[in-house]
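1. for reference, the sequence and a predicted model appear below.
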Amino acid sequence: MADAAKYPKPATNPETAHFWEQTAKGKLMFKRCTACGEAHYFPRSICPFCFSDKTVWEESSGEGEIYTFSLMRKSASGPYAIGYVTLKEGPSLLTNFVDCDREKLKIGQKVKVVFKPTDGAPLPFFTPV
Amino acid sequence: MTIKGKAYIVGIYEHPTRHAPDKSTAQLHAEIAKGAIEDAGLTKADIDGYFCAGDAPGGVMAMVDYLGLKVRHFDSTDTGGCSYLVHLGHAAEAIAAGKCSIALVTLAGKPRTGPMPPRASGAEADFEAAYGATTHNIYGMCALRHMHEFGTTSEQLAWIKVAASHHAQYNPHAMLPDVVTVEDVLNSPMIADPLHRMDCCVVTDGGGGFIVTSEAIAKTLKKPLVRMIGHGEALKGPRGGQKLDLTYSAGVWSGPRAFEEAGVTPKDIKYASIYDSFTITVLMQLEDLGFCKKGEGGKFVADGNLISGVGKLPFNTDGGGLCSNHPVNRGGMTKILEAVRQLRGEAHPKVQVPNCDLAVAHGTGGLLGVRHAASTCILERV
């Protein structure tokens, strides 16, 4: 996934539209349930833990650390690094690590969110701090 | 209510092809159905239950029509590569409940000949699809985390491929029949760190199938009696990203359920068919099923411990997906077939486990580091 312009634009839907409106403003959102207090990603209207519908949007600091990753050596769009980031706020999410020397990535490394354009809403990626 | 001892596998067939540009996918299914029915000593008219997954063109309605079956029970559960291990459990349930008496399960396809249809996605699509998740890199992520937490090494993973290759040399249909060494694996090109090319399974055209029936019918047939005594199935995903842990799979739930129903423990198992999409898949499943403690899979698989006649737990004696066959990128089917061969005493003499009367066939499907299923089947020779 070397070229950001190649990223597919999110289809979006009524449940997730707010998330994508916020990425356009450079904000990474997640959902928190006000009934059980747990945070989750990707966002659902009903909490996947306690099944309450009292979920609210919260803005992430965009900071986290690498839980694990893999360097994809060959692909039609060139090599890329895929992995999971665990956000400061708790939830982990699947992403790519960009704008960095992929060979130097390490589990536990501090990373922060960056947004890359698509033909629609920007997508969140992460880069070493 | 239990399926223990209520369902018997009486017919098996593995298509010998590994490359089938001159056949249709439906045709492969039909050849496999015919092979399994003939192995059982039955006829097509005897089949009253049919099971297939996403590889079957048009699904269960189209396949039943194409094959000319008349069934009163069907199931098209699709959990990727372990679908057929799930089907075996569900067929046993249907037979125990009297919903059908003779069930046919088929798998076939041609990923070597043409492109595979895209993987179906769920509500997560917008949040994950752009990041290029493939089997290679998702399983690579699991392997890297396992190494990080437990000190597992590439050498240890390589032993799994080495063991599979020792078995594959005796399988005339194996796609990769050559014995390889740990060094060969480590020197093969890196595909998705830390997985090398030889940590990955083969891509093959082909497929397989089997027939499940009741005890009463099985005893009228000629094959050695092999029955189901336990089954478990489970699903695992990131679940909102909370407490993410890629070092274990849904096998930690499917395994104990199956062993409990069977009334046996991993120590009792004489032969293990373990889904080997990648070497790390095997290592994690051995831990999750309880053959060793979590984190000790690396030590367990090293030094030939999975080689028949050498180690303590002979696995995938057909050469597995790593060396023999991984039809349609779905390895669950061949796990059942080799387990039945072992229990029948029909495995190659060089890899046949002596007095093999208890086996496990286990697999995962989907993407181990994201959303996946697991199914564990405990099989016994009567």
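-> It's in. None of the values given here were measured: they were computed from a predicted structure.
2. CA atoms for contacts and neighbours, from now on please.
-> Noted.
3. quick check: phi and psi at the residue most central in space within chain B.
-> Computing the C-alpha centroid of chain B and ranking residues by C-alpha atoms, centre = their mean puts B:G332 first, at 2.2 Å. Backbone torsions for B:G332, taken as degrees, to the nearest 10, come to phi -70, psi -40.
4. and it, how far is that from B:Y275?
-> 6 Å (C-alpha to C-alpha, to the nearest Å).
5. shared neighbours of the two, anything?
-> Among the neighbours of B:G332, those also in contact with B:Y275 (C-alpha atoms under 8 Å, 6 or more residues apart in numbering or on different chains) are B:362-364.
6. closest one of these to chain A?
-> B:T364 (20.2 Å; C-alpha to the nearest C-alpha).
7. how about the contacts made by the nearest residue to the residue nearest to the centre of chain B once chain neighbours are set aside?
-> With C-alpha to C-alpha, 6 or more residues apart in numbering or on different chains as the criterion, B:G332 has its nearest non-adjacent residue at 4.5 Å, and that residue is B:C82. Going by C-alpha under 8 Å, 6+ apart, B:C82 touches B:330-333, B:362-365, B:373-375.
8. re earlier: and the residue nearest to the centre of chain B, what pLDDT?
-> Looking at B:G332, its pLDDT is 98.
9. where does pLDDT dip in the stretch 1-150 of chain B?
-> Across the stretch 1-150 of chain B, nothing is flagged by pLDDT under 70.
10. at the contact with chain A, which residues of it appear?
-> Proximity of the stretch 1-150 of chain B to chain A, by C-alpha under 8 Å from any C-alpha of the partner chain, involves residues B:124, B:126-128, B:130-133, B:136-138, B:140-142, B:144-145, B:148.
11. how about the strands in chain B?
-> Using DSSP state E, the strands of chain B run over B:7-14, B:49-51, B:73-75, B:102-109, B:190-192, B:195-196, B:206-213, B:226-236, B:271-274, B:358-366, B:372-381.
12. neighbours of the nearest residue to B:N305 once chain neighbours are set aside, how many?
-> Once flanking residues are discounted, B:N305 sits nearest to B:G311: 3.6 Å by C-alpha to C-alpha, 6+ apart. Neighbourhood size, B:G311 [other C-alpha atoms under 10 Å in any protein chain shown]: 16.
13. do B:G68 as well
-> Around B:G68 there are 12 residues (other C-alpha under 10 Å).
14. interface residues of the stretch 201-350 of chain B facing chain A?
-> B:239-244.
15. run a quick neighbour tally on B:G345.
-> B:G345 - counted by other C-alpha under 10 Å - has 18 other residues nearby.
16. residues touching it, list them.
-> The contact partners of B:G345, by C-alpha under 8 Å, 6+ apart, come to B:352-353, B:356.
17. residues of chain A that sit close to chain B?
-> A:1, A:7-8, A:10-12, A:39-43, A:48, A:67-74, A:82-83, A:90-96, A:107.
18. pLDDT score assigned to B:M190?
-> As predicted, B:M190 sits at a pLDDT of 97.
19. how about it, what does it touch?
-> Here B:M190 is in contact with A:73, B:196-197 (criterion: C-alpha under 8 Å, 6+ apart).
20. just among those residues, which is most surrounded?
-> Within the contacts of B:M190, B:H196 tops the neighbour count with 22 neighbours, counted by other C-alpha under 10 Å.
21. ok so, going back, what would the strands of chain B look like in CSV with distance to B:Q27?
-> Output for these, formatted as CSV (distance: least, C-alpha to C-alpha, whole Å):
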stretch, distance to B:Q27
strand B:7-14, 14
strand B:49-51, 16
strand B:73-75, 20
strand B:102-109, 9
strand B:190-192, 33
strand B:195-196, 34
strand B:206-213, 10
strand B:226-236, 28
strand B:271-274, 27
strand B:358-366, 24
strand B:372-381, 27
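22. for the residue nearest to B:E93 when sequence neighbours are not counted, grab the count of nearby residues.
-> Leaving aside its chain neighbours, B:E93 sits nearest to B:I3 (5.9 Å; criterion: C-alpha to C-alpha, 6+ apart). By the measure other C-alpha under 10 Å, the count of residues near B:I3 is 22.
23. which residues touch B:I3?
-> Counting by C-alpha under 8 Å, 6+ apart, B:I3 touches B:92-93, B:96, B:228-231.
24. from B:V71, how far out is the residue lying farthest from the centre of chain A?
-> Relative to the C-alpha centroid of chain A, counting by C-alpha atoms, centre = their mean, A:A35 is the outermost residue, at 24.0 Å. Counting by C-alpha to C-alpha, the gap from A:A35 to B:V71 is 48 Å.
25. again with B:A158
-> Relative to B:V71, B:A158 is positioned 45 Å away (C-alpha to C-alpha).
26. between these two, who's got more neighbours?
-> A count of neighbours by other C-alpha under 10 Å puts B:A158 above the other of B:A158 and B:V71, at 26 against 18.
27. the closest residue to the more buried one other than its chain neighbours: neighbour count?
-> Closest residue to B:A158 apart from its sequence neighbours, by C-alpha to C-alpha, 6+ apart: B:V182 at 5.3 Å. Applying other C-alpha under 10 Å, we find 20 residues neighbouring B:V182.
28. distance of the closest residue to B:F74 other than its chain neighbours relative to chain A?
-> Leaving out its chain neighbours, the residue that sits closest to B:F74 by C-alpha to C-alpha, 6+ apart is B:Y50, at 4.9 Å. B:Y50 sits 34 Å away from chain A, going by C-alpha to the nearest C-alpha, to the nearest Å.
29. so B:Y50 touches B:L104, yeah?
-> Yes - counting by C-alpha atoms under 8 Å, B:Y50 does reach B:L104; the two are 4.9 Å apart.
30. the two - which one has more neighbours?
-> B:L104 (28 against 25).
31. beta partners for the more buried one?
-> B:Y50, B:I211 (DSSP bridges).
32. OK, contacts around it?
-> By C-alpha under 8 Å, 6+ apart, B:L104 lies in contact with B:33, B:47, B:49-51, B:209-212.
33. need these in TSV (columns: distance to B:G295).
-> Converted to TSV, the contacts of B:L104 look like this (distance: C-alpha to C-alpha, whole Å):
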residue	distance to B:G295
B:A33	41
B:I47	45
B:G49	41
B:Y50	40
B:F51	36
B:G209	34
B:F210	35
B:I211	37
B:V212	36
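34. could you single out the nearest of the residues you listed to chain A?
-> Nearest to chain A among the contacts of B:L104, with distances taken as C-alpha to the nearest C-alpha, is B:F51, at 31.4 Å.
35. who's in contact with that closest one?
-> Neighbour list for B:F51: B:60, B:74-76, B:87, B:91, B:103-106 [criterion: C-alpha under 8 Å, 6+ apart].
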